[in-house]
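Chemist: return a 3D structure for these sequence lines:
(2 chains)
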Amino acid sequence: MMRLIPLLALLLLPARLSAYPEFQQFILTNSGTKVDCALCHANADGPEGLKEGQLGALKGEELERLATSRRAIAPGQKVHSPILNPFGNELILRLGRSALAEGRKNPAAMIDALPEDLDLDRDGIPDKTELREGTLPTDEESGRFWRLFPHRFKQNLFHIGMGVLATFFLLYGLENLLKAFKSRYRLQHRRSSPPQ
Amino acid sequence: MRLWTGVAAFLRERFPLEKMNLHDMVEKKTVPIHKLRWAYFLGGLTLLFFSILAVTGLIMLFYYEPTVSGAYDSVRYISHQVPGGSVIRNLHAWSSSCMIACVFLHLFTVFFMKAFVKPREITWLSGVILLFITFGFGFTGYLLPWHQVAVNATKVGLQSIGAIQDYLPGNFKDLPGQLIHVIQGGDSVGQATLSRFFVLHVVVLPVSILTLLGLHLLQIQFHGMSQGVDRPTGKSEAFFPDFIVNDLRVWAVFFVVMFIIALCIPFESLFGYPLLAPFDALGSTPDGIKPEWYFFFAYYPMELVPFWVILVATTVVGAVLFFTPWIFANTSRRTLRFLAFFAFLYLVVVTVFGEPITLLIKGH
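Modeler: Numbering: from 1, shown residues only, chains lettered A, B, ... in the order given. I've put the predicted structure just below:
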C-alpha cells in the first residue's frame, strides 16, 4: 500500500504542473535564446515520456523521491526529484513548488526572488542571470562569454602567469640560440673563405 | 614536343635546384621593410595555428572515440574529466577559427601585394589548395563531437551538394547523389559518416596539408619574399635570424593571447546549450542550426538567391582563384587593392551581419 501512494500522487497531480513552458517563452522574449527543458529537467524533452529522467521510466525508489518532491510546496525542503536536474531541485529548495507554479504568471518576479549568490556550477554567473539569459546553470562552460571571461581570468591567473613566463623564456632561449647559430656560421664562413 | 619543352622550362624556373643550398635559401635571403611589412607575418601565423591544431588534436586522439555511441561522451570526458582537457579542446577550437581567419587575410594580402606573379605561380596555387584543405578540416572536424549542431549542420552541408543535380545534364544527374553516398557511407549521416570524417580529419587531410605546405614553403625559400609594393623603400632585414626572431615574437604574443582565450572563453559558450545536446536521430532538427562562421559567405546568400546563382558564383570565384597568376599578371597593385577590399568587405559583412540581413530581406 505504501508503495502505491507515490504512484497515486503522480497520477492525481495534473500533468501541466510538471513542465512550465512559460519560462521558456519568457527566456526567448527576454534574451532571444531558445531553450529546452534541460534548463531545469533531467531530460531535455521534459518530464513526460518514457525516456530516462521522464515520468514513464521511473521505478520504485524514484517514484518515492518524486512524490516527496511534489509535497515540497513551501521553500526550504531539500528534494531530489528524478525528473529534475540539480538546478530544478535547487529551485524547489529555494522557492517551493507553489512559488514555482505561481511564477508562471510572472516569471521575471520569480527569477528575481532567487538569491544573488546562488551559482551551482561556480562559473561566476549567478543562476538567476543564467536563467534570464537561457544558459545552463549546471554547466560551467555555458554562459555569455563576456560574463565568463572576467571570472575565469581571475580563476586562472596563476596558469596565465605561468603560461606567459614559459612563453617568454622559450622565446628568449630560441632567440639567443638562433643568434648563436648565425655568429657561429659567420665565423666558420670567414675561416673557410680565402684571405683577400 | 614543344609542349613538354615548355613545361620543363616552366618547372625549371619554378624549381631552381641550383639554389638548394644554405647560402641561397637562408643566408642570402632578405625580407623587404615597408608599410605593408605586417603582411609577411600572416603565413607564419597560419603555421602557428596549424601547429597548435596538430599538437592539441594529437592529445585529444588519446581520448576521442569515433563512434556514434561514444563520440559525444568522449568529448564531454575530454572537457570535464581529463586534467587540462578543457583548455586543450578550447585551444583546438579557437585555433581552427583563427587559422581560417589568417588564411583568408594571407590570401588577400598576397593578392593585393601582387605576390603571385612569375615565378611565384606555384606558391599561389599551393596556397589556394591549402585554403580548400583548411575548409575540409573545418567541415570534417565540425561533425566529430556528434552533437545536434554538428550532425545537423553536416546534413545541411551535404544536402547542398545534392542540390547540384538539378543543374546537371542527363547521366550526370546521379553524380551528386553518388558523391553524397560516398561521403556519408550510406543513405544517411551515421556511423560510416563519422568514421569517414574522422579518417579524413586525422589522416588524409593532415598528410595532404603537410605535403602541400612543404611545397609552399620550398617555393617561398626558392623565390624569397615578394617586394609587395610599387615603390620599394630599399630597406630590408636578413631572413635569418632577424625576420625569424620577429616572427617568433609575433608567435609568442599570439600564443599567449590564444592561451588566455582558451582558458577564459569556452568555445562552446558561443552556442546555445540545446544545440550542444547529443544528436538524437529520432528527434526533429532544432532551430539555429548553422555551419561554422567561415562558411557563412556561401550559406546566407544560399538562403536568399536561387541555388544556380551560388553555383555559378562559386565556380567563377574558384576558377579566378586558381588562375589568378595569369588573369591578374598585368593588373596594377592599385586595382588589386580595390578588388581585395571589396571581396574582404563582402566576407566581413556577410559573416557578421548575414543573419539580420537575411531575416530583413525575408521579411521576418
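Chemist: separation between the residue nearest the centre of chain B and residue B:29?
Modeler: The centre of chain B sits closest to residue B:134, judged by C-alpha atoms, centre = their mean, with a distance of 3.1 Å. Residue B:134 sits 26 Å away from residue B:29, going by C-beta to C-beta, to the nearest Å. All C-beta spots, glycine's among them, are computed from the backbone N, C-alpha and C.
Chemist: before we move on, what about residue A:65?
Modeler: 73 Å.
Chemist: output the longest helix belonging to the chain.
Modeler: Let's take chain A. Longest helix in chain A by number of residues (criterion: DSSP state H): helix A:157-192.
Chemist: my bad, the chain I had in mind was chain B
Modeler: Chain B, longest helix under DSSP H: helix B:333-362.
Chemist: any buried residues in that helix, and which?
Modeler: By neighbour count on 16 or more other C-beta atoms under 10 Å in any protein chain shown, the buried set for helix B:333-362 is B:333, B:336, B:340, B:343-344, B:350-351, B:354-355, B:357-358.
Chemist: in the stretch 101-250 of chain B, what residue is nearest chain A?
Modeler: Residue of the stretch 101-250 of chain B nearest chain A, by C-beta to the nearest C-beta: residue B:241 (3.9 Å).
Chemist: that older thread, helix, strand, or coil at the closest residue in space to the residue nearest to the centre of chain B that isn't next to it in sequence?
Modeler: Excluding the flanking residues, the one nearest residue B:134 by C-beta to C-beta, 6 or more residues apart in numbering or on different chains is residue B:103, at 5.4 Å. Using DSSP: H, G, I helix; E, B strand; the rest coil, the secondary structure recorded for residue B:103 is helix.
Chemist: isn't residue B:103 up against residue B:130?
Modeler: Yes: with contact defined as C-beta atoms under 8 Å, residue B:103 reaches residue B:130; the gap is 7.2 Å.
Chemist: nearest the geometric middle of chain A, what residue?
Modeler: Nearest to the mean C-alpha position of chain A, by C-alpha atoms, centre = their mean, lies residue A:139 at 2.3 Å.
Chemist: what sits against residue A:89?
Modeler: A:69, A:78-81 (C-beta atoms under 8 Å, 6 or more residues apart in numbering or on different chains).
Chemist: before we move on, what about residue A:125?
Modeler: Residue A:125 is in contact with A:119, A:135, A:143-144, A:147-148, A:151, counting by C-beta under 8 Å, 6+ apart.
Chemist: at 7 Å instead, please
Modeler: By C-beta atoms under 7 Å, 6 or more residues apart in numbering or on different chains, the contact set of residue A:125 is A:119, A:143, A:147-148.
Chemist: by neighbours, which of those residues wins?
Modeler: residue A:143 (26 neighbours; other C-beta atoms under 10 Å in any protein chain shown).
Chemist: burial of residue B:102, as a residue count?
Modeler: Residue B:102 - counted by other C-beta under 10 Å - has 23 other residues nearby.
Chemist: element containing residue B:162, please.
Modeler: Using DSSP states H and E, residue B:162 falls within helix B:148-162.
Chemist: and that helix, what does it pack onto?
Modeler: helix B:121-143, helix B:175-184 (3 or more C-beta pairs under 7 Å, 6 or more residues apart in numbering or on different chains; DSSP states H and E).
Chemist: just to revisit the earlier point, between the contacts of residue A:89, which sits nearest chain B?
Modeler: Lowest distance from chain B to these (C-beta to the nearest C-beta) belongs to residue A:81, with 20.4 Å.
Chemist: can you list the low-confidence ranges for chain A?
Modeler: For chain A, residues meeting the criterion pLDDT under 70 lie at A:1-19, A:193-196.
Chemist: whoops, chain B was the one
Modeler: Short version for chain B, where the test is pLDDT under 70: B:1, B:364.
Chemist: contact residues of it facing chain A?
Modeler: Listed as neighbours of chain A in chain B under the rule C-beta under 7 Å from any C-beta of the partner chain: B:79, B:240-241, B:244-245, B:248-249, B:252, B:255-256, B:259-260, B:263-266, B:268-270, B:272-274, B:277, B:287-288.
Chemist: what about residue 81, neighbour count?
Modeler: This is for chain A. Residue A:81 has 24 neighbours, counted by other C-beta under 10 Å.
Chemist: hmm, no, I was thinking of chain B.
Modeler: Neighbourhood size, residue B:81 [other C-beta under 10 Å]: 10.
Chemist: using PDB, write out every CA atom in stretch B:300-311.
Modeler: Presented in PDB, the C-alpha positions along stretch B:300-311 are these (Å, rounded to 0.1, in the frame of the first residue of the first chain):
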ATOM      1  CA  TYR B 300      23.500  33.200 -46.200                       C
ATOM      2  CA  PRO B 301      23.400  34.000 -49.900                       C
ATOM      3  CA  MET B 302      22.100  30.500 -50.400                       C
ATOM      4  CA  GLU B 303      19.000  31.400 -48.300                       C
ATOM      5  CA  LEU B 304      18.300  34.400 -50.500                       C
ATOM      6  CA  VAL B 305      19.100  33.700 -54.100                       C
ATOM      7  CA  PRO B 306      18.400  30.700 -56.400                       C
ATOM      8  CA  PHE B 307      20.900  27.900 -56.000                       C
ATOM      9  CA  TRP B 308      22.200  28.200 -59.500                       C
ATOM     10  CA  VAL B 309      23.400  31.700 -58.800                       C
ATOM     11  CA  ILE B 310      25.500  30.300 -55.900                       C
ATOM     12  CA  LEU B 311      26.700  27.500 -58.100                       C
END
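Chemist: would the longest helix of chain A count as contacting chain B?
Modeler: Yes: Helix A:157-192 reaches chain B (C-beta under 7 Å from any C-beta) through A:159-160, A:163-164, A:167, A:171, A:174-175, A:178-179, A:182.
Chemist: filter those residues to the buried ones?
Modeler: Buried by 16+ other C-beta under 10 Å: A:160, A:163, A:167, A:171, A:174-175, A:182, out of these.
Chemist: in the one helix or strand residue A:61 maps to, what's buried?
Modeler: Using DSSP H and E, the element containing residue A:61 is helix A:60-70. Across helix A:60-70, burial judged by 16+ other C-beta under 10 Å covers A:62-70.
Chemist: of the contacts of residue A:125, list those near chain B.
Modeler: A:143, A:148.
Chemist: dump the residue contacts of residue 186.
Modeler: Chain wasn't specified; assuming chain A. Contacts of residue A:186 (C-beta under 7 Å, 6+ apart): none.
Chemist: that's the other chain; I wanted chain B
Modeler: residue B:192.
Chemist: the same query, at a cut-off of 10 Å, please.
Modeler: Residue B:186 makes contact with B:192-193, B:196 under the criterion C-beta atoms under 10 Å, 6 or more residues apart in numbering or on different chains.
Chemist: and for residue B:283?
Modeler: Counting by C-beta under 10 Å, 6+ apart, residue B:283 makes contact with A:44-45, B:148, B:152, B:277.
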